[in-house]
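# predicted model and sequence follow; I will ask about them next.
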Amino acid sequence: MLFSLNLIKQFIKLDQPSESEGKSAEEIADRITLSLTEVENVVRTTSPREDVILEIENKALTHRPDCFSHLGIAREIAAYFDLTCSDPLPELSRKTVKPASQSRNIAISIAVDAKELCHRYCGIVLTDIKVGPSPEWLAEMLTNVGVRPINNVVDITNYVMIELGQPLHAFDYDKVEGHEIRVRTAREGESITTLDGKERKLTGDMLVIADSQNPVGIAGVMGGANTEVSNTTKAIVLEAATFEAKNNRKTSKGLNLRTDAATRFEKNLDPNLPYPALIRAIELLQEIAGAKVASGIVDVVPISNRLGKRGKLTVDSNWINKFLGTNLKPEEIAGLLSRLSFSANINNTILAVTVPTYRRDITMQADIAEEVARIYGYDNIPVALPSQTDFTPGKNSELYWKGKVQLLLQAIGFTEVLHSPFVSMDLLKSAGLQNHEHLQLQNPLTIEQEYMRRSLLPQLLETVKENLPYSDTMRLYEINKLFVPQKDKQPLEPGYLTGVSLGDDYRTVKGAVEELFHRLHIENFRFGVFPDKDCDFLDELFHPRKTAQVYIGTKPMGVIGYVHPKVLSAFQLPEGIISFDLHMGTVAENAREVTAYRPIPNYPPVIEEITISVDEKTFLGVVIERIKQTSTLIQKVELVDAFENKRTLRITFQDPKKNLTEQDVRTIIHSFNNV
């Protein structure tokens, strides 16, 4: 954006008699770059009126609509160099205008129907307009800052916009049907031909300025060609307004129509600005175009509390000093803020700060600290190490143990795979999960990515199928999130570890899970009857008689067993694939970094093997747990062989206080008859 130093000088005196007080264009550019935004170029014009043009990179000023005007930049420069800025807005806001005696009966009706989208709308009728070329100084000023002169009426509205920051628009009064202005949203099927000659199709959420019949302008974006000011125009309706910023930007983007007005409106302009800007434009039109006031100013504020009020914040000067690394007194901080037209009442170290209405970006105490730093000068803040030296983040338990699990499974021979969280309905049907509720995407990229998964197993089985032509043995696993719907709540996102094995028997895979638990120092795990009715695992995926529930303590946290034959058939996979599905949150909660110290036993263990008969209805894991509970001298029970209904168990006995005799062991073994 281009700014004229000559126009800035109308608000502040930069050419002081004393050389030390005078500020060159380069000094000004450097300070703006250090304290506000980058000045990309400084250009001296060769026109009859010598000027210096500052090219400012204003994309960084989205939150500062006041700086999209020469007055706003003048306020900033005055604050940097502690100069006085002659702000014309307070005086303009106090002025009123009265209609001159007219032969014509001039009136304008203004109504705001879309109250939420228009914060303020001011309008007035001016007559006896003499449309023609602008004076040389005005045309030259607009040209210098990149605005093309059109005629004196349009040029004055553009000049006030670059001067004060308020966009205005002039309608040909005689072309406004019914001499009525309505601020409303567009109706279905409406369109408008804008000033650039293009027809724009409107949607129902777009705000328009309309007469009694049709739209005459797209609010905050561009006026319509049907009410354009021409050389034959004698009377105009002059408007100044503020519109809801988000809707304005949405309209501008939707129509692919970027204008200087839209750029300012979408940044949430101060609702106190339209009235004084309108007064300024009226005075210029009277001076340059011979305009006469034909009506009073119609000032519509649809929602009274929308009118800008001065913001109030309380901040502790000690906090500001700690935040910035400075050592400023409360009076010094108040003095720096006063250069920005902020007022501050001091009570010990507390400052009660009142913020101008055009600084709507100031919402918290950190904003106040930033303003102090900008005016004090970032280069004046001493370099020091932060007072807080410990920036080490807390350990993410689940992430830490995930890494441990990955290393351990890799050592056991498992390969990690990762899948997309999105699945298709065909995959859910193959897994028999189509009757379970799944989160459905409203706009999936493809039909294969329509639902959010509730189990990792179906995608793992799909990967096994894809790799089956290349290998008849596989050990795969995935650690990832599931997505479980909840009524009227955010979905649950539990983390799970799911593994599959092709080519191993059940004991080998169970041994891998046990080894994983041992290496994580999880001691209170056990295996029980599947399915546990208090558990939310998807039972359809596992064989009902060849699957065990995994517990840590009394809490079910997973399953291990054979994949259901129907599921394998649907995936066209061979029988005998074994899977384990474990809740990672429970694993992380119970895992320990190191084991507790235990002294090496002084007395050797006694190891015995026994063979027992187990019918199909009896779960071996339950039997082993009962055997362990018969005596505290039993250290370990392992399954070492199985034939038909016979199971051979290896039992380790050990007493830390004495050597065990054969009779001691036999007594314990005989007690197994009660198990």
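That came through, no problem.

# would you list every one of the strands in the stretch 51-200 of the chain?
For the stretch 51-200 of the chain, the strands defined by DSSP state E, counting those that start in this stretch cover 52-56, 109-112, 118-127, 168-172, 180-185, 191-193, 199-201.

# and Asn396, which of the ones you listed is closest to it?
With CB to CB as the criterion, Asn396 lies closest to strand 52-56 of these, at 43.9 Å. To be clear about C-beta, it is placed using only N, CA and C from the backbone, and glycine gets the same treatment.

# possible to save the strands of the stretch 51-200 of the chain as CSV with distance to Ser338?
CSV is the format used below for the strands of the stretch 51-200 of the chain (distance: least, CB to CB, whole Å):
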stretch, distance to Ser338
strand 52-56, 25
strand 109-112, 37
strand 118-127, 28
strand 168-172, 31
strand 180-185, 38
strand 191-193, 47
strand 199-201, 47
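
# can I get those strands in a markdown table including mean neighbour count and mean pLDDT?
Shown next, in a markdown table, are the strands of the stretch 51-200 of the chain (neighbours: other CB atoms under 10 Å; pLDDT from 0 to 100):
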| stretch | mean neighbour count | mean pLDDT |
| --- | --- | --- |
| strand 52-56 | 20 | 93 |
| strand 109-112 | 17 | 94 |
| strand 118-127 | 24 | 95 |
| strand 168-172 | 24 | 96 |
| strand 180-185 | 19 | 96 |
| strand 191-193 | 17 | 96 |
| strand 199-201 | 14 | 94 |
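
# Pro356: which of those is closest?
That would be, of those and by CB to CB, strand 118-127, which comes in at 17.1 Å.

# by contact count, what packs against the closest one?
With contacts defined as 3 or more CB pairs under 8 Å, 6 or more residues apart in numbering; DSSP states H and E, the secondary structure elements packing on strand 118-127 are strand 109-112, strand 180-185, strand 236-243, helix 274-289, strand 292-293, strand 298-300.

# which of the ones you listed is buried the deepest?
Per residue and on average, the most neighbours among those fall to strand 236-243, with a mean of 27 (mean count of other CB atoms under 10 Å).

# what strands flank that strand, and is each parallel or antiparallel?
strand 118-127 (antiparallel), strand 168-172 (antiparallel) (DSSP bridges).

# so what are the domain limits for this structure?
2-86, 94-305, 311-377, 397-590, 606-674 (automatic domain parsing).

# nearest to Val383, of those domains?
Between these, domain 311-377 lies closest to Val383; by CB to CB that is 8.3 Å.

# now do the same end-to-end measure for that closest one.
Terminal residues of domain 311-377 are spaced 24 Å apart (CA to CA, to the nearest Å).

# ok now it, how far from the chain's centre?
When C-alpha coordinates are averaged (CA atoms, centre = their mean, to the nearest Å), domain 311-377 and its chain have centres 28 Å apart.

# returning to that earlier point: would you turn the strands paired with strand 236-243 into a markdown table with distance to Thr45?
As requested, these are exported to a markdown table (distance: least, CB to CB, whole Å):
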| stretch | distance to Thr45 |
| --- | --- |
| strand 118-127 | 32 |
| strand 168-172 | 26 |
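
# these: which one's closest to Val587?
strand 118-127 (55.4 Å).

# Leu582 is nearest to which of the strands paired with strand 236-243?
Leu582 lies closest, by CB to CB, to one member of the strands paired with strand 236-243: strand 118-127, at 57.0 Å.

# so which strand or helix has Asn248?
Applying DSSP states H and E as the criterion places Asn248 in helix 245-254.

# list the helices and strands that helix packs on?
Contact partners of helix 245-254 among helices and strands, from 3+ CB pairs under 8 Å, 6+ apart: strand 207-210, helix 260-265.

# show me what contacts the residue most central in space within the chain?
Nearest residue to the geometric centre of the chain (CA atoms, centre = their mean): Lys246, 15.7 Å. The neighbours of Lys246, taking CB atoms under 8 Å, 6 or more residues apart in numbering as the test, are Glu266.

# now with 10 Å, please.
Leu117, Glu266, Asn268 (CB atoms under 10 Å, 6 or more residues apart in numbering).

# count the neighbours of the first one for me.
Leu117 has 22 neighbours, counted by other CB atoms under 10 Å.

# next, work out how far apart it and Val622 are.
69 Å (CB to CB, to the nearest Å).

# excluding its backbone neighbours, what's nearest Met474?
For Met474, ignoring the flanking residues on the chain, the nearest one in space by CB to CB, 6 or more residues apart in numbering is Leu502 at 4.5 Å.

# returning to that earlier point: which one of the domains of the chain has the most crowded surroundings?
By mean count of other CB under 10 Å, the domains of the chain have domain 94-305 as the most buried, with a mean of 19.

# about what we covered before: would a markdown table of the helices and strands packed on helix 245-254 with distance to Thr232 and mean pLDDT be doable?
Output for those, formatted as a markdown table (distance: least, CB to CB, whole Å; pLDDT from 0 to 100):
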| stretch | distance to Thr232 | mean pLDDT |
| --- | --- | --- |
| strand 207-210 | 22 | 96 |
| helix 260-265 | 25 | 94 |
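
# tabulate these (CSV), appending distance to Gln635.
Output for the helices and strands packed on helix 245-254, formatted as CSV (distance: least, CB to CB, whole Å):
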stretch, distance to Gln635
strand 207-210, 80
helix 260-265, 78
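
# and these: which comes nearest Asp299?
Among these, strand 207-210 comes nearest to Asp299, with 15.9 Å by CB to CB.

# adjacent strands (with direction) for the next helix or strand after that closest one?
Heading C-terminal from strand 207-210, the first helix or strand you meet, by DSSP H and E, is strand 215-218. The pairing partners recorded for strand 215-218 under DSSP bridges are strand 207-210 (antiparallel), strand 222-223 (antiparallel).

# of all those strands, which one is nearest Ala29?
Nearest to Ala29 among the strands paired with strand 215-218 is strand 222-223; the distance by CB to CB comes to 32.4 Å.

# now the closest one: mean pLDDT?
Mean pLDDT, strand 222-223: 96.

# for the stretch 501-650 of the chain, what spans make up the helices?
Under the criterion DSSP state H, counting those that start in this stretch, the stretch 501-650 of the chain carries helices at the ranges 506-519, 565-570, 584-590, 620-629.

# want to throw the ones you listed into CSV with distance to Glu57?
Formatted as CSV, the helices of the stretch 501-650 of the chain follow (distance: least, CB to CB, whole Å):
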stretch, distance to Glu57
helix 506-519, 57
helix 565-570, 60
helix 584-590, 48
helix 620-629, 70
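
# confidence score at the residue lying closest to His70 once chain neighbours are set aside?
Take His70 and drop its neighbours on the chain: the residue closest to it by CB to CB, 6+ apart is Leu7, 4.6 Å away. For Leu7, the pLDDT comes out at 95.

# let me know the secondary structure of Leu7.
helix (DSSP: H, G, I helix; E, B strand; the rest coil).

# that one and Arg49, how far apart?
Counting by CB to CB, the gap from Leu7 to Arg49 is 11 Å.
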